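J.: Below is the structure, and that's it, no one-letter string:
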């Protein structure tokens, strides 16, 4: 799409999407893993350990110990007795965005997480989309349908309540844009525009030009599809699709790339073709493919629960790797480096202030009161909100 240039008076995303939450902070790495079976085995090992070993395996912090009293995470039927005497099966792991483009699994147990951000769990459902701020110039925002646990910037849900009943947008913003553009503007349209145009300083150029608006929304919609990876699976054209050319070993330890052959080597295993733009794709100064591989193969500290992991490379990880290569190659094609043409009909922060859209009211920066089901507090007590 035609990019929109900087505008000294472009509004801040923080004003257009007022409610945000700090990143979820697990505090320990073992409750997260690339496969759910390892998490259940880690939980069983923790509970079978004696008191001294259980404490060491748990890895206590200032925020969480075996004696911390916390309630259930919203929507997660876990136990609430203190971990020092906990029993029972592991909570069913849930899919999360653990790193940029890296979907993993998490034990959704409040007792294991230093800062679980229950307000995010209350609004997480099939209709929700989370925007995650990053310091990266190419991706100032990531988007995901999963709960994000990566440590970057603020998390901004698209909706303030479950079932998409209230958009997390400055009151009056949608009506103002609809009137200026002459076309209906939905919350999803605006989120797609944010993905396509938000700058590294997290300002958002807006326009009253219907053509520029349409191009931006369409570009953002495709970016959203690739970031969420839901619906139809992304595919490269025939002849460019990556395949496993030589079987991957049971425990690959070295990842390297041959640019001449466009081949990704996992020890003696080979995947090709892998476009250079997929291999070179970075976020926050780190190659995405290298980071993804390291999170699955880096050695764990002896004696920790992280040593419990698959004995051999699972087939599911190979499928995830092939899809990640595809996504990165397609995303690279959406973000070519090009000169930015002059925008027409800009909508500035001053325009929004004069119309009464900005500043957003203080209440819009706070979470909505959401309690549509009982939430069990510590030791079986019910939480009151």
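T.: Done, it's in. Since the model is a prediction, treat every value here as computed from it, not as a measurement.

J.: Buried ones in stretch 263-279, by neighbour count?
T.: By neighbour count on 16 or more other CB atoms under 10 Å, the buried set for stretch 263-279 is 263-267, 269-275, 278-279. No exception for glycine: its C-beta is placed from N, CA and C like everyone else's.

J.: Could you do stretch 159-174 as well?
T.: 159, 160, 161, 162, 164, 166, 167, 168, 169, 170, 173, 174.

J.: Repeat that for stretch 226-244.
T.: 226, 227, 229, 236, 242, 244.

J.: again, but for stretch 196-205
T.: Neighbour-count burial for stretch 196-205 flags 196, 197, 198, 199, 202, 203, 204, 205 (criterion: 16+ other CB under 10 Å).

J.: What mean pLDDT does it get?
T.: With pLDDT averaged residue by residue, stretch 196-205 scores 95.

J.: same thing with stretch 136-143?
T.: Computed over stretch 136-143, the average pLDDT equals 93.

J.: Could you point out which of the buried residues of stretch 159-174 is nearest to residue 106?
T.: residue 162 (19.8 Å; CB to CB).

J.: Counting neighbours, what do you get for the closest residue to that closest one other than its chain neighbours?
T.: Among residues not flanking residue 162 along the chain, residue 125 sits closest, at 5.0 Å (CB to CB, 6 or more residues apart in numbering). Neighbour count of residue 125, defined by other CB atoms under 10 Å: 13.

J.: what about residue 125, is that helix, strand or coil?
T.: Classification of residue 125 using DSSP: H, G, I helix; E, B strand; the rest coil returns coil.

J.: is it true that it touches residue 163?
T.: Yes: counting by CB atoms under 8 Å, residue 125 touches residue 163, with 6.6 Å between them.

J.: would you turn the buried residues of stretch 263-279 into a markdown table with distance to residue 10?
T.: What follows is the buried residues of stretch 263-279, written out as a markdown table (distance: CB to CB, whole Å):
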| residue | distance to residue 10 |
| --- | --- |
| 263 | 43 |
| 264 | 39 |
| 265 | 44 |
| 266 | 44 |
| 267 | 48 |
| 269 | 47 |
| 270 | 46 |
| 271 | 41 |
| 272 | 43 |
| 273 | 40 |
| 274 | 37 |
| 275 | 33 |
| 278 | 32 |
| 279 | 34 |
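
J.: Can you redo the residues you listed as JSON lines, where the extra columns are pLDDT?
T.: Shown next, in JSON lines, are the buried residues of stretch 263-279 (pLDDT from 0 to 100):
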{"residue": "263", "pLDDT": "98"}
{"residue": "264", "pLDDT": "98"}
{"residue": "265", "pLDDT": "98"}
{"residue": "266", "pLDDT": "98"}
{"residue": "267", "pLDDT": "97"}
{"residue": "269", "pLDDT": "98"}
{"residue": "270", "pLDDT": "98"}
{"residue": "271", "pLDDT": "98"}
{"residue": "272", "pLDDT": "97"}
{"residue": "273", "pLDDT": "97"}
{"residue": "274", "pLDDT": "98"}
{"residue": "275", "pLDDT": "97"}
{"residue": "278", "pLDDT": "98"}
{"residue": "279", "pLDDT": "98"}
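
J.: Same list, those residues, but as JSON lines with secondary structure please.
T.: Below are the buried residues of stretch 263-279 laid out as JSON lines (three-state DSSP):
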{"residue": "263", "secondary structure": "strand"}
{"residue": "264", "secondary structure": "strand"}
{"residue": "265", "secondary structure": "strand"}
{"residue": "266", "secondary structure": "strand"}
{"residue": "267", "secondary structure": "coil"}
{"residue": "269", "secondary structure": "strand"}
{"residue": "270", "secondary structure": "strand"}
{"residue": "271", "secondary structure": "strand"}
{"residue": "272", "secondary structure": "strand"}
{"residue": "273", "secondary structure": "coil"}
{"residue": "274", "secondary structure": "coil"}
{"residue": "275", "secondary structure": "coil"}
{"residue": "278", "secondary structure": "helix"}
{"residue": "279", "secondary structure": "helix"}
